[in-house]
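1. Coordinates only, no sequence provided:
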Ligand SMILES: NC(=O)c1ccc[n+]([C@@H]2O[C@H](COP(=O)([O-])OP(=O)(O)OC[C@H]3O[C@@H](n4cnc5c(N)ncnc54)[C@H](O)[C@@H]3O)[C@@H](O)[C@H]2O)c1
Ligand SMILES: O[C@H]1[C@H](O)[C@@H](O)[C@H](O)[C@@H](O)[C@H]1O
């Protein structure tokens, strides 16, 4: 391994370009060697000013570029399975943006491929695990002073959804964060999912079922409700309140300024995830680079990516059928058993 970890970044859209900048200027310990995007203008724009980084249009060419020791996947979810399998075939450690793979069958193929290797290579980009407010919530819940968690009330709002965002993606791509955060906070597995919805908001594109109200039941007897609203128009808001046997704990609003004057409080609301979770992405990528340089893999695993995909799939079934849907999980390979 070189003095700086040589990274190939696949996908140079919103997240990919942001991660290139982060690897180049913020986290330390890594250098971007190659960026691949089928849109050459995006790849070129992402590497502009990044010393020694090559812009390419083929993902596999980026994995094979000289000096590549690890891969950050930030292409659309549908491209993740091929990219993960190509990285595994080369023995390259990976940080893969969520959703690991949309759909449980493809997600399970990734788990099985990694289990065949017999060692973990993939970390999944569930960045809320690295967010300071979420980490504090987890440490309060783990401390036990509030007793067991009975309910998690979650709100997840985006200003607007990107083109091509489907009703299923509200669950597969967006609620995926709450599915993972709930498993991580509670240490329980999702057992069933129900989805209710009000009339679609006129602010949502024609045909998009937005907002939705998703309820997860866990195998430990907790309920997790999630309001997902991806065209709320007003701000990027993520809230989470844990209601416990002896009290409750909730995440504060995003790190921003609240100004009180003339009898009112004016509080800043971030407009997107790049602002709300800037610090969490930095911490996530820094932890990945540090662990990778030490030959270790930490953070959310391919198994966590699979459970999120299988739970989201149950959620999409519930949305489509209007009935409660059970979560079916394959047996967990030994590679992912807790130490
Ligand atoms: N963790 C988070 O909060 C967060 C936030 C936004 C997006 N994401 C995830 O990041 C990923 C990318 O999302 P985005 O918003 O940056 O999308 P985007 O559409 O802005 O960018 C995706 C880029 O990937 C390129 N691409 C398409 N196929 C490719 C392939 N096979 N190989 C390489 N590049 C390819 C596209 O040309 C595009 O430039 C998705 O998985 C998304 O769910 C995560
Ligand atoms: O891909 C994005 C990303 O995961 C954001 O964190 C989430 O708020 C959006 O809903 C989703 O579309």
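-> That came in fine, so what should we check first? The structure presented is a predicted model; accordingly, all values stated were derived computationally and were not measured. Ligands and ions are numbered 1, 2, ... in the order given.
2. got the contact list for residue 91?
-> 117, 121 (CB atoms under 8 Å, 6 or more residues apart in numbering). Heads up, the C-betas are built off the backbone N, CA and C, glycines and all.
3. How many residues are close by the closest residue to ligand 1 within the stretch 151-300 of the chain?
-> Closest contact between the stretch 151-300 of the chain and ligand 1, by CB to the nearest ligand atom, is at residue 273 (4.4 Å). Counted with other CB atoms under 10 Å, residues neighbouring residue 273 total 18.
4. Tell me how many other residues crowd the closest residue to it other than its chain neighbours.
-> Leaving out its chain neighbours, the residue that sits closest to residue 273 by CB to CB, 6 or more residues apart in numbering is residue 236, at 6.0 Å. Residues lying near residue 236 (other CB under 10 Å) number 19.
5. so residue 236 makes contact with residue 278?
-> No: contact criterion CB atoms under 8 Å: residue 236 and residue 278 do not qualify, at 11.5 Å.
6. Buried residues of the helix or strand containing residue 312, list them for me.
-> Using DSSP states H and E, residue 312 sits within helix 302-321. Of all the residues in helix 302-321, those buried under the rule 16 or more other CB atoms under 10 Å are 302-319.
7. Same question for stretch 113-133.
-> 113-115, 120-131, 133.
8. Run through the residues that contact the residue in the stretch 1-150 of the chain positioned nearest to ligand 1.
-> Using CB to the nearest ligand atom, the closest approach of the stretch 1-150 of the chain to ligand 1 is made by residue 13 at 1.7 Å. Taking CB under 8 Å, 6+ apart as the criterion, residue 13 is in contact with 37, 42, 74.
9. ok, which of these also contact ligand 1?
-> By CB under 6 Å from any ligand atom, the members of the contacts of residue 13 lying near ligand 1 are 37, 42, 74.
10. circling back to that earlier point, which among the contacts of residue 13 gets closest to ligand 2?
-> residue 74 (10.4 Å).
11. What is the end-to-end distance of stretch 262-281?
-> For stretch 262-281, the first and last residues are 37 Å from each other (CA to CA, to the nearest Å).
12. what do you get for stretch 50-70?
-> 17 Å.
13. again with stretch 143-153
-> Across stretch 143-153, the terminal residues are separated by 20 Å (CA to CA).
14. ok, and for that stretch, which residues are buried?
-> Using 16+ other CB under 10 Å as the test for burial, stretch 143-153 gives 146, 149, 152, 153.
15. for the residues you listed, which one is nearest residue 138?
-> For these, the minimum distance to residue 138 (CB to CB) is 10.8 Å, reached by residue 149.
16. Look up how far residue 265 lies from residue 7.
-> 43 Å (CB to CB, to the nearest Å).
17. Who has more neighbours out of those two?
-> Neighbours per residue (other CB under 10 Å) separate residue 7 from residue 265, with residue 7 holding more: 30 against 8.
18. Which strand residues bridge the more buried one?
-> Under DSSP bridges, the beta-bridge partners of residue 7 are residue 32, residue 70.
19. residues contacting it?
-> Contacts for residue 7 (CB under 8 Å, 6+ apart) come out as 23, 30, 31, 32, 33, 68, 69, 70, 71, 72, 289.
20. was I right about residue 98 contacting residue 175?
-> No: if you go by CB under 8 Å, residue 98 and residue 175 don't touch, sitting 10.9 Å apart.
21. residues in contact with the closest residue to residue 311 other than its chain neighbours?
-> Once flanking residues are discounted, residue 311 sits nearest to residue 190: 4.4 Å by CB to CB, 6+ apart. Neighbour list for residue 190: 179, 182, 183, 216, 217, 218, 219, 224, 307, 311, 314, 327 [criterion: CB under 8 Å, 6+ apart].
22. Swap in 10 Å and give it another go.
-> 179, 182-183, 216-219, 222, 224, 307-308, 310-312, 314-315, 326-327, 329 (CB atoms under 10 Å, 6 or more residues apart in numbering).
23. Can you tell me the SS state at residue 25?
-> Using DSSP: H, G, I helix; E, B strand; the rest coil, the structure places residue 25 in helix.
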